[in-house]
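Asker: build me a structure from this.
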Amino acid sequence: MTYVLHNRLGSGGFAVEAVLELGQLDYRMALIESTPSTPLPESFRTVNSWGQVPVLDLPKGGKLTESAAILIYLAQKHKSVRDGAHLAIGDQAAFLRWTVFLGTNVYEGTLRRSYPARYHTSQDRAFDENVAEAALNRNHAAFQVLETVLAQDGFLTGERLSSADVFLAMFYAWHRRKPDLPECTRVTSTVARHPVVAPIWRRNFSHRLDEDWTQA
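Answerer: This next block holds a predicted model:
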């Protein structure tokens with residue numbers, strides 16, 4: 001029962017790869033030779049017509065796109081992901097809420113920062129900077145919401161690490177450490193330094209982040 005994860009290093013499929021490893025699930029990688037923040041090869045549309053990664057091929061046929069949907073599917077499908085040694089879903093409602101919140105609000109803001117020209121029709125490139133700045137501010141507001149949850153509960157779904165926290169860590173590392181978000185910083189450090197996740201984190205992010213989150 002083997003999954004196939006289509007991704008490029010440094011992209012959103014990191015969270016899926018980390019959860020597959022944490023859940024000790026059988027999978028193989030189909031890496032794309034492409035750099036984040038640049039268009040994917042046009043040929044990739046035969047894998048995903050929307051032209052985005054990650055894509056997860058399912059063992060019995062079919063495929064899943066959208067990181068949040070993949071994480072939810074894996075959590076529901078596999079007991080080892082739901083309550084294994086490394087991951088726990090905790091509060092199911094909170095897991096669904098915050099996974100979708102991250103996938104809808106924070107991921108979209110990240111895309112607006114990376115590809116601002118997609119989100120306006122002006123020929124004036126100054127609009128790129130305006131779109132990117134607004135997206136950065138919107139993402140920060142989202143992390144402030146999550147900061148309150150983490151301060152109260154420890155992690156997004158309770159007292160133990162869940163795949164929602166792995167998702168959060170990826171986005172927050174892209175957002176970069178902020179002094180008013182100490183709980184987001186704590187969770188990101190916890191995820192990045194996890195012995196299962198750390199090698200995956202380094203492989204994906206050592207070439208593109210200005211901070212090594214895997215170091216104490």
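Asker: quickly list the domain ranges of this structure.
Answerer: Domains of the chain are assigned by automatic domain parsing as 3-82, 92-194.
Asker: residue 144 contacts residue 178, doesn't it?
Answerer: No - here residue 144 does not reach residue 178: they are 9.4 Å apart, not a contact under C-beta atoms under 8 Å. Backbone N, C-alpha and C define where each C-beta goes, glycine included.
Asker: contacting residues around the helix or strand containing residue 95?
Answerer: For residue 95, the element it lies in under DSSP states H and E is helix 92-101. With contact meaning C-beta atoms under 8 Å, 6 or more residues apart in numbering, helix 92-101 is reached by 68, 71-72, 75, 89, 142, 145-146, 149, 153, 156-158, 162-164, 167-168.
Asker: follow-up on the earlier one: with mean pLDDT and mean neighbour count as extra columns, can I get the domains of the chain in JSON lines?
Answerer: JSON lines is the format used below for those (pLDDT from 0 to 100; neighbours: other C-beta atoms under 10 Å):
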{"stretch": "domain 3-82", "mean pLDDT": "93", "mean neighbour count": "17"}
{"stretch": "domain 92-194", "mean pLDDT": "95", "mean neighbour count": "18"}
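Asker: for this protein, longest helix please?
Answerer: The longest helix of the chain (DSSP state H) is helix 126-153.
Asker: orientation of it relative to helix 92-101 in degrees?
Answerer: Between helix 126-153 and helix 92-101, the angle comes out at 170 degrees (axes from the mean of the first three to the mean of the last three C-alpha atoms, to 10 degrees).
Asker: which residues of this structure fall in helices?
Answerer: Per DSSP H, the chain carries helices over the ranges 13-22, 67-77, 79-83, 92-101, 107-114, 126-153, 163-175, 182-193, 198-205.
Asker: mind checking which of the ones you listed is nearest residue 3?
Answerer: Taking C-beta to C-beta, helix 13-22 is the member of those nearest to residue 3, at 6.7 Å.
Asker: please state the offset of the closest one from the chain centre?
Answerer: A distance of 9 Å separates the centroid of the chain from that of helix 13-22, by C-alpha atoms, centre = their mean, to the nearest Å.
Asker: got the CA coordinates for it in CSV?
Answerer: Written as CSV, here are the backbone C-alpha positions of helix 13-22 (Å, rounded to 0.1, in the frame of the first residue of the first chain):
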residue,chain,number,x,y,z
GLY,A,13,4.5,19.1,0.3
PHE,A,14,7.0,19.3,3.2
ALA,A,15,4.1,19.0,5.7
VAL,A,16,2.7,15.9,3.9
GLU,A,17,6.1,14.2,3.7
ALA,A,18,6.7,14.9,7.4
VAL,A,19,3.4,13.4,8.4
LEU,A,20,3.9,10.4,6.2
GLU,A,21,7.2,9.8,8.0
LEU,A,22,5.8,10.5,11.5
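Asker: so which elements touch that helix?
Answerer: For helix 13-22, the elements it packs on are strand 3-7, helix 67-77, helix 163-175, helix 198-205, judged by 3 or more C-beta pairs under 8 Å, 6 or more residues apart in numbering; DSSP states H and E.
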